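**Student:** I'd like to go over a predicted model; first the sequence, then the structure.
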Amino acid sequence: MTTREDLIDGLKMIVREGQRITSAFAPEDWKKQVHDDEGGGWNRKQVYCHVTTIGEIAPSMAPNLASVPAGGDAGAGVDINAMNAQLVAAKEGLSEAELMDAFTAAYEKLIEFIKEMPAEQLEAQTTFGAISGSVADVIDSLIVLHGLAHIYSAGGSATG
């Protein structure tokens, strides 16, 4: 089971790795296409828009995860593609510096939220789509592992 400390460590890693990787980006590097899908995919900036907004909405998601009735799915009825498109579009107008400030602030706030989240909420059993376990386990998958996967895939060769 994922502990509060595991989550906090993972969220700190997102900030650290996100800042480390983007620190090597030249202005043109932000435009590199790094995430492909049927809808055309995302460039590096769009990946960071996505990861940033996920960090921003996580504090409102976490209590909802804890309140899912047994056998329920917190992700039921959520159009992930539409949600992602809206979240990315909400940040695309920011400069890269503003985006990284928002990225850092989102995860710092999320860390503080996780520190204060009641243990019974973190330990409650839940499901979001194909992911089941404690709320802490689901947050670990949806936020930490998902965020790091995007950050590392966006990293690639910043100069090439």
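**Tutor:** Arrived safely, thanks for sending.
**Student:** and the biggest helix by length in the chain, how far out from the chain middle?
**Tutor:** With DSSP state H setting the assignment, residue counts place helix 44-66 as the longest helix in the chain. Mean C-alpha position of helix 44-66 versus that of the full chain (C-alpha atoms, centre = their mean, to the nearest Å) differs by 5 Å.
**Student:** stretch 19-35 now?
**Tutor:** Centroid separation for stretch 19-35 versus its chain: 17 Å, with C-alpha atoms, centre = their mean.
**Student:** now do the end-to-end distance for it.
**Tutor:** 19 Å (C-alpha to C-alpha, to the nearest Å).
**Student:** give the buried residues for it.
**Tutor:** Neighbour-count burial for stretch 19-35, counted by 16 or more other C-beta atoms under 10 Å, picks out Ile21, Thr22, Phe25, Asp29, Trp30, Lys32, Val34. From N, CA and C alone the C-beta is placed, and that goes for glycine too.
**Student:** isn't there a strand covering Phe113?
**Tutor:** No - read with DSSP: H, G, I helix; E, B strand; the rest coil, Phe113 is helix and lies in no strand.
**Student:** and it, what does it touch?
**Tutor:** Residues near Phe113 by C-beta atoms under 8 Å, 6 or more residues apart in numbering: Ala58, Pro59, Ala62.
**Student:** skipping adjacent residues, who's closest to the second one in space?
**Tutor:** Right, Pro59. Excluding the flanking residues, the one nearest Pro59 by C-beta to C-beta, 6 or more residues apart in numbering is Phe113, at 4.3 Å.
**Student:** and that neighbour, how close does it get to Ala90?
**Tutor:** 20 Å (C-beta to C-beta, to the nearest Å).
**Student:** and what of Ile54?
**Tutor:** 12 Å.
**Student:** which of the two has more neighbours?
**Tutor:** For Ile54 versus Ala90, neighbours defined as other C-beta atoms under 10 Å are more numerous around Ile54 (22 against 13).
**Student:** would you map the strands across this structure?
**Tutor:** Assigned by DSSP state E, the chain shows strands spanning 33-35, 42-43, 125-128, 131-134.
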